[in-house]
Each structure stands twice: as C-alpha cells, then as structure tokens.
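In: quick one, what's the 3D model for this:
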Amino acid sequence: VRGAMSHQEELEGQGTGMMRRGLESLESFSQAMEQRVEMYALVLVAICLCVLFKILNVNNSPEKSIFYCSNQKFLEEFLKRAPELAEPYIPTRFWGFSGHLQTIIQGVLQVVYTLDPERNKMETLLSITVEFYITQGVISRLHCPLVNGHRVSLKLTDGATVTYDLYHAIEAHPDQGDFTLCICPGIGNNSESVYIRRVVYNAQLNGYRVCVLNHIGTLATVPVTSPRIFMYGNTADYAAMIKDVVRRFPSTNMVCVGFSMGGNLITKYLGEPRVKPNNVVAGISVCQGYDANRAMQMLLEWKGFRRLYIYAMTENMKSIIRRWHTALFTEDVKRKLGITERQVFNSATLQELDDVYTRKLAGFNNVTDFYNAMSCTHHMKNIRVPMVFINSKDDPIVPPPLLEIVRDAALKYENMIYVEQKFGGHLGFYEGGFFYSNPLTWQDRMVIHIAHALVADGNKKVVDDLTEFEEENNLKVHRTGSLDTASESDSEYSSWKKLGANLKLESFNAGMTSDCTSLDSSDPGTPTQLTPPNTPVIRRKIPLGLNVFPQ
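Out: Now for the predicted structure:
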C-alpha cells in the first residue's frame, strides 16, 4: 500500500511539474506576444505619424512669395505700394502647409448635400444653418461675414437672366477716389460663396464698391430663362455686368478680379479684341489654370488625387444642370443639338460632360477646339492694363506644369506680374493660429493690397487709342457711342453708409434688394435670338450652334 501511495504521489508531482512548466511556457509566450503587439502598435503609430506629417507638411516653414516680371521698374513701384506682398505668408501651423487640406477646408471636396428640415430634420448646428455645398467649407462658414447688397438683374437678348450683386463702400478709399472691384467667382460659385463674401467685406472696409457676378444657374432663387447656364470662357455675362456698372457709375475706376475659373474669364475678357470701357484700369487673377486642355488632361490623372477633385466638380455641374433641366433641355434644343438628359447625367468627368453637352451648345465640333476657345492663354498678349496673377505651387487643382504659362507671360509682357506662393492650396491661403485660422485669409488681404497698388496714379496704363491694338492683331474692332449715364441717388447711397461695418459670424444670409434692367446687344449685327449681349466684337465667322459662346 505504501508503495502504491508513493507511486501515486510521484505521478501527481510529475503532473504538477508538467502543468507548472506549461503555465510558465504559456506565460512567457504571452509576454512575448504582448511585446510583439506593443512593437507592432508602435510601428503602426510611427507609420501613421509619418503619413500624417507627410500630408500636413509640418516640417515646412513660412516662405516669401516669388515675383516674376519683365519690367523691373514696374515691379519695384508696385512693391513699394504693396509692401505686404513681400512679407512671408504664414499658414495655419497644424494643417496650413498642406495644399489638399487648404483646398478641402475651403470647400472643394465637400459633399454636395444640404442638411435641412425637409430632408433629415437637422436644421441647425452651433446656431448656423448647416448647408454643405461645393463652394462652402466648414471652417470657411464660421468665418463668413454678413454683407448687404443690392441685386441687379439684366435681361439679355438671348433671353438669359444675368444677375450681379452690388455692394457700396463702407469706408472712404485711401486715395479718396471712386473705385469698383468687379468680381467673377469660380466654377459654380456666386455672391453667396463664402470666400467671395470675405473679399467683399474686406473691400468695403477699404473703400471699394464691389460688384459680384452670379453665374447663371448657380442661384436657386434666380430662374434660368434661356437654354444655357454659365460657361468657362463665356465673357458675355461679365461684359454685361461691366457695362451696366459703368452706366450707373460713369466716373468709377474698375479693377477686374477673378477667382479660379473666374480668373480665366476676366483675363480672357481683358485680352479679347473687343471694346472695353476706359474705366477698366487693372486686373487681378487668383488660382486660375490658364489652359483648359492641359488642365483637363492633368485633372483626369490620379496623381495628387486630382481624379477625386474632378469628380466633385463634375457632380456639382450636373447638380446645377439637373436643377434647371426643364429650361435647358427644351425639345428645340434636343432636336437641334442631338443631346438628351441621360447623356449629360451619365457623364463621369467634366470632359465627358463638355463633349456631350457644353461644346455642342457653344457650337464647336470637338471638345479640344472648345477648350482652346475658352482658355485665356491665347489672349494674354493683348491685355493693355496692369495685371497681377496669383497661384500656389501646392494647388491640387492647378498643378505646377500649368504655372509655366503665366510665368513665361510675366517674363515677356511688361504690364504683368506673377506672384507665386509655395503654400495655399486652391483658393485657401488660410493663415495664422495653430489649429483655428484667422478670419481673413492671406488671399483676402492681398487682393485689397494689390488693388491699392494697381489703382495708384503711377500704375494706370489704360490704352485709350485702339489703333495700335488693331494693327497688331490685323483686325477691325467695331466702335459704338457712349453709354447712358445714370447713377444712384444720394439718399440711396446714404442708406448704404448707415449699414456700418457689421461682421456677424453667426449669420450667413444677407438682406438683398433687387433691380431689373433690360440690356440689349451693343452690336447691331448680332443675332437677337440666342446670342447674349456683349461689348462690341470682331466681325468674323463663328461656329454653328446656339451661339451662346461669344467670339
């Protein structure tokens, strides 16, 4: 019995030893796995931080702008009048060195969707109505001032209704003169876009009257009354606004200002062989792409996530067309041009949309010719007023190769200055702070400083005599008589002054009065059915179609 008990105790001891060794082995394995998991977690965190630092570019530092100009004397005088341009641009520390984040926060990649009571019962957020458009970003929205304007409607000869918003100066201009900024927004944008409102408000405080073109179809409250919306290079709507502003304020000096697509449009307007009022004394272009053909080819690439940006812009364009499809796709238009709504709404890119719809509406045989006609690059040599261009090298929508166009032009033509900034994205240029930027962007401030420098007496280079222009281009420009002159009453202007300088960040919608004017074409030879009015144009053969794209 003792032997059996001894043997049993020995077996139990062996079993206990084996269990202990197994537990020790399992514990050591567990510790090893924990160490590996910790190591893998640290590696993953390191990778994420590297990617984050790469995206945010936090290892960068503020840099000064680079200036390109063939006329050194002109550049020196310009910088004396706008010394702020020579100072370093200091982006928002945490995310401001990333061109993508600058662009996204500005609103280019916001989902085209409106949160309202009818859709999902979410009416307000932080006491601000939440509306996410392509044109309005989140941080931008919190920095949107309340501006009070007067909406003017122009009925064009093709039946289109063009509107622009007019804002009077709040303070006196430093030069004590009458100056007007004529703003053309970017693609799908209008006077209600946040970056436009910031510029308007800052301009008012610095003594400028401001008029802002509302691209046809972009305002839900202004119906489309003809079978067309805005086009990238159609300067007729902008020319109609300029003409009407001159009629109202015949003694004002005007600076044309364009953002993104609007920059292309005002550059094309200033360089086109058409008569322009002598009131136009200068131009400012911000973040435009210069050549539509090259820009579109680059936007179709996945490099720099450009394909995502073109997708967002395409959906925005289709949403505008879908909103007004009844007016745009009449039976007459579908029969004459051979287009259908399904073709348009199935387009995957802007190039495809332009090929099946826009270029046919404009009367071009192919999209390449259409883009060539839209681009301002062919008209830059004919600009006769001082012109300043601004672009950033980290703009994901306007890649660096496109900047060679404006760089070469500035080094060739004496009345041009090109300002190149390393950071800023597309219409971003947020500055100051660590995470939350300043209310005004670098872009908002520089537009006013540049305008001050351009309207100074020493920089006015308006060409009054068109004989030299006609000889250089081997063409004949049609001339017309003077415009009607009518200005607003003193009592109306006084009511504007009483508004004062109110920056209301909690409110977005501005009070808006309206005015309606009928504007006929100034060219007696222009067809009156489907051709928008414009300032006098060259008499030459134009492509077939609805002729909504003026030559």
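
In: surely residue 207 forms part of a helix?
Out: No: according to DSSP: H, G, I helix; E, B strand; the rest coil, residue 207 belongs to no helix; its state is coil.

In: how much space between it and residue 296?
Out: Distance from residue 207 to residue 296, counting by Cβ to Cβ, to the nearest Å: 39 Å. Just so you know, the C-beta spots here come from the backbone N, C-alpha and C atoms, and that holds for glycine as well.

In: ditto for residue 456
Out: As judged by Cβ to Cβ, residue 456 and residue 296 stand 38 Å apart.

In: again, but for residue 393
Out: Taking Cβ to Cβ, one finds residue 393 at 20 Å from residue 296.

In: which stretches of the stretch 351-500 of the chain have low pLDDT?
Out: Within the stretch 351-500 of the chain, the stretches with pLDDT under 70 are 457-500.

In: quick one: the strands in it, in order.
Out: With DSSP state E, counting those that start in this stretch as the criterion, the stretch 351-500 of the chain has strands at 387-392, 416-421.

In: and the angle from the last one to strand 387-392?
Out: Read it as strand 416-421. If you take axes from the mean of the first three to the mean of the last three Cα atoms, to 10 degrees, strand 416-421 sits at 20 degrees to strand 387-392.

In: first-to-last residue distance for stretch 278-289?
Out: 27 Å (Cα to Cα, to the nearest Å).

In: what mean pLDDT does that stretch get?
Out: Average pLDDT, stretch 278-289: 96.

In: same deal with stretch 234-248?
Out: Rounded mean pLDDT across stretch 234-248 is 96.

In: next one: it to chain centre, how far?
Out: 20 Å (Cα atoms, centre = their mean, to the nearest Å).

In: contacts only, for residue 213.
Out: Going by Cβ atoms under 8 Å, 6 or more residues apart in numbering, residue 213 touches 162, 164, 182-185, 190, 237-238, 241, 262.

In: which residues touch the closest residue to residue 235 other than its chain neighbours?
Out: Spatially, and ignoring its direct neighbours in sequence, residue 235 is nearest to residue 269 (4.2 Å; Cβ to Cβ, 6 or more residues apart in numbering). Residues near residue 269 by Cβ under 8 Å, 6+ apart: 235, 238-239, 242, 256, 276.

In: output the contacts of residue 213 as JSON lines; include the columns neighbour count, distance to residue 63 and secondary structure.
Out: Shown next, in JSON lines, are these (neighbours: other Cβ atoms under 10 Å; distance: Cβ to Cβ, whole Å; DSSP: H, G, I helix; E, B strand; the rest coil):
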{"residue": "162", "neighbour count": "27", "distance to residue 63": "41", "secondary structure": "strand"}
{"residue": "164", "neighbour count": "27", "distance to residue 63": "37", "secondary structure": "strand"}
{"residue": "182", "neighbour count": "26", "distance to residue 63": "31", "secondary structure": "strand"}
{"residue": "183", "neighbour count": "28", "distance to residue 63": "28", "secondary structure": "strand"}
{"residue": "184", "neighbour count": "30", "distance to residue 63": "29", "secondary structure": "strand"}
{"residue": "185", "neighbour count": "28", "distance to residue 63": "28", "secondary structure": "coil"}
{"residue": "190", "neighbour count": "22", "distance to residue 63": "33", "secondary structure": "coil"}
{"residue": "237", "neighbour count": "27", "distance to residue 63": "37", "secondary structure": "helix"}
{"residue": "238", "neighbour count": "25", "distance to residue 63": "34", "secondary structure": "helix"}
{"residue": "241", "neighbour count": "25", "distance to residue 63": "36", "secondary structure": "helix"}
{"residue": "262", "neighbour count": "28", "distance to residue 63": "26", "secondary structure": "helix"}
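
In: of those, closest to residue 448?
Out: residue 183 (12.1 Å; Cβ to Cβ).

In: and the gap between that closest one and residue 224?
Out: Distance from residue 183 to residue 224, by Cβ to Cβ: 21 Å.

In: repeat for residue 175
Out: Distance from residue 175 to residue 224, by Cβ to Cβ: 40 Å.

In: so for these two, which sits in the more crowded spot?
Out: Higher neighbour count among residue 175 and residue 224: residue 224, with 22 against 13, using other Cβ atoms under 10 Å.

In: what segments of the stretch 51-200 of the chain are helices?
Out: 72-81, 99-106, 117-120, 138-142, 194-205 (DSSP state H, counting those that start in this stretch).

In: closest to residue 416 out of these?
Out: Going by Cβ to Cβ, the one of the helices of the stretch 51-200 of the chain nearest residue 416 is helix 72-81, 9.1 Å.

In: just want the angle from that closest one to strand 416-421.
Out: 60 degrees.

In: got the contact list for helix 72-81?
Out: 67, 69, 85-86, 386, 388, 414-415, 417, 452-454, 456, 458-459.

In: buried among those? Make that a ChimeraX selection.
Out: The following ChimeraX line selects those of those that are buried, judged by 16 or more other Cβ atoms under 10 Å:
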select :67,69,85,386,388,415,417,452,453,454,456,459
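
In: for the contacts of helix 72-81, which one is nearest residue 308?
Out: For those, the nearest to residue 308 is residue 388 (30.5 Å; Cβ to Cβ).

In: does that closest one touch residue 270 like I think?
Out: No: taking Cβ atoms under 8 Å as the definition, residue 388 is not a contact partner of residue 270, at 11.9 Å.

In: anything in contact with each of these two?
Out: Joint contacts of residue 388 and residue 270 (Cβ under 8 Å, 6+ apart) are residue 283.

In: give me the low-pLDDT residue ranges for the stretch 51-200 of the chain?
Out: Using pLDDT under 70, the stretch 51-200 of the chain drops low at 51-56, 58, 107-144.

In: hmm, try it at 50
Out: 108-139, 141 (pLDDT under 50).

In: could you pull out the strands for it?
Out: Counting by DSSP E, counting those that start in this stretch, the segments of the stretch 51-200 of the chain that form strands are 66-68, 113-114, 124-125, 128-129, 131-132, 149-155, 161-167, 179-184.

In: can you say which of the ones you listed is nearest to residue 408?
Out: Per Cβ to Cβ, nearest to residue 408 of those: strand 66-68, 8.8 Å.

In: and that closest one, what does it pack onto?
Out: helix 403-410, strand 416-421 (3 or more Cβ pairs under 8 Å, 6 or more residues apart in numbering; DSSP states H and E).

In: so what touches that strand?
Out: Contacts for strand 66-68 (Cβ under 8 Å, 6+ apart): 75, 79, 85, 406-407, 410-411, 417-421.

In: let's have the contacts of residue 269 in TSV, adding distance to residue 61.
Out: Formatted as TSV, the contacts of residue 269 follow (distance: Cβ to Cβ, whole Å):
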residue	distance to residue 61
235	41
238	39
239	44
242	42
256	34
276	43
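
In: and those residues, which is closest to residue 371?
Out: For the contacts of residue 269, the nearest to residue 371 is residue 235 (15.4 Å; Cβ to Cβ).

In: give me the number of residues near the closest one?
Out: 29.

In: ramachandran angles for it?
Out: With angles defined as degrees, to the nearest 10, residue 235 sits at phi -90, psi 0.

In: next one: residue 173
Out: Torsion angles, degrees, to the nearest 10, at residue 173: phi -70, psi 140.

In: distance of the closest residue to it other than its chain neighbours from residue 148?
Out: Spatially, and ignoring its direct neighbours in sequence, residue 173 is nearest to residue 207 (2.9 Å; Cβ to Cβ, 6+ apart). From residue 207 across to residue 148, the span is 17 Å (Cβ to Cβ).
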